[in-house]
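# Would you be able to build a 3D model of this:
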Amino acid sequence: MNIVKFGVDGKEVTLYAAEEKDCPLVVLNNFAGDGSSVLEAVKDQDEREFNLLCVGNLEWDHDMTPWYCPPLMPNDTPCTGGADEYLNLLVKDILPKALEIISGTPSRICIAGYSLAGLFALYAMYHTDVFDRAASMSGSLWFPDFRDYVLEHSMKRHPDKLYISLGDKEAKTRNKLLKTVRNNTEDIVRYYKEQGIDVTWELNPGNHFRDAAVRSAKGIMDIL
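From the prediction side, this is the model:
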């Protein structure tokens, strides 16, 4: 595996390029780090070759959110809805540069993410047909009006497969928005299945912050 790092418009991109030709490509938007811990968690359990494109140094509450959301708690920052702008950068600038480096043509292109990046992974499917599959691990599907958005809009393409997971304690909170996450997620999963989409739904033990790399790896392995 070849590791190539490059920057695009302030984003720090790490490409783990497979040595074999035509391997799947997974795009992972990451809160911190270069994705190495997620890659290691995958490789511990799965020997399949794939390309991993990890994008970091994101403006997390801006790049990963589809529209404005006020702060969840005092002294927190709002989400400012820059997902469309970032998706444009990802599809038109970051992905093409990665595809120049990858050996051959990816057999499929997938998008994955944890937390707000899990929200973004699903949102992206409604605004581009680039991605064949998506994985949302502990996705922030509590995000205001996102459930209704899913029920009222169509994806740009019928995905080959989706993976959606959540921690079984994530909804156990007093916050009115955050406590909706499990109901919203289960409603969205049910709706996707009714649409004939192949969806893997998994409930993991623990809260939002438990085993993030391992949960991310599980999602990536499922969509590979």
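
# what ranges do the helices span in the chain?
In the chain, the segments counted as helices under DSSP state H are 36-43, 60-63, 83-89, 95-101, 116-124, 146-152, 181-194, 212-223.

# can you list these in a markdown table and add mean pLDDT?
As requested, the helices of the chain are exported to a markdown table (pLDDT from 0 to 100):
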| stretch | mean pLDDT |
| --- | --- |
| helix 36-43 | 96 |
| helix 60-63 | 98 |
| helix 83-89 | 98 |
| helix 95-101 | 98 |
| helix 116-124 | 98 |
| helix 146-152 | 98 |
| helix 181-194 | 98 |
| helix 212-223 | 97 |
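
# List just the one of those that sits closest to residue 132.
With respect to residue 132, and counting by CB to CB, the nearest of these is helix 212-223 at 8.6 Å. Where you see a C-beta, it was placed from the backbone N, CA and C, and this is true even at glycine.

# so how far is the closest one off the chain centroid?
In terms of CA atoms, centre = their mean, to the nearest Å, the centre of helix 212-223 is set 10 Å apart from its chain centre.

# what does stretch 154-167 give?
10 Å.

# Can you tell me which of the helices of the chain is most buried?
helix 116-124 (a mean of 26; mean count of other CB atoms under 10 Å).

# And that one, what does it pack against?
strand 25-29, helix 60-63, helix 83-89, strand 109-114, strand 133-137, helix 146-152, strand 161-167 (3 or more CB pairs under 8 Å, 6 or more residues apart in numbering; DSSP states H and E).

# For the first one, which strands pair with it and how are they oriented?
If I follow you right, that is strand 25-29. strand 51-56 (parallel), strand 109-114 (parallel) (DSSP bridges).

# Then the fifth one?
Each strand pairing with strand 133-137, determined using DSSP bridges, is listed with its direction: strand 109-114 (parallel), strand 161-167 (parallel).

# Return the most buried member of those.
strand 109-114 (a mean of 26).

# could you check the angle helix 116-124 makes with that strand?
140 degrees (axes from the mean of the first three to the mean of the last three CA atoms, to 10 degrees).

# Could you dump the strands paired with strand 25-29 into TSV with mean pLDDT and distance to residue 145 added?
Shown next, in TSV, are the strands paired with strand 25-29 (pLDDT from 0 to 100; distance: least, CB to CB, whole Å):
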stretch	mean pLDDT	distance to residue 145
strand 51-56	98	25
strand 109-114	98	19
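
# closest to residue 85 out of those?
Nearest of those (CB to CB): strand 51-56, 13.9 Å.

# Now do that closest one against helix 36-43, angle only.
150 degrees.

# And the contacts of strand 51-56?
Residues outside strand 51-56 that contact it (CB atoms under 8 Å, 6 or more residues apart in numbering) are 11-18, 23-35, 38-39, 90, 94-95, 98, 102, 106, 220.

# tilt between it and helix 212-223?
If you take the same axes, to 10 degrees, strand 51-56 sits at 140 degrees to helix 212-223.

# when you give positions from now on, start the count at 31
With 31 as the first residue, the last one maps to strand 81-86.

# hey, C-alpha coordinates of strand 81-86 in CSV?
Only the C-alpha atoms of strand 81-86 are listed here, as CSV (Å, rounded to 0.1, in the frame of the first residue of the first chain):
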residue,chain,number,x,y,z
ASN,A,81,-8.2,2.3,-1.6
LEU,A,82,-8.9,4.6,1.4
LEU,A,83,-9.1,8.4,0.9
CYS,A,84,-9.2,10.2,4.2
VAL,A,85,-10.0,13.9,4.4
GLY,A,86,-9.1,15.8,7.5
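
# Thanks a lot, catch you later.
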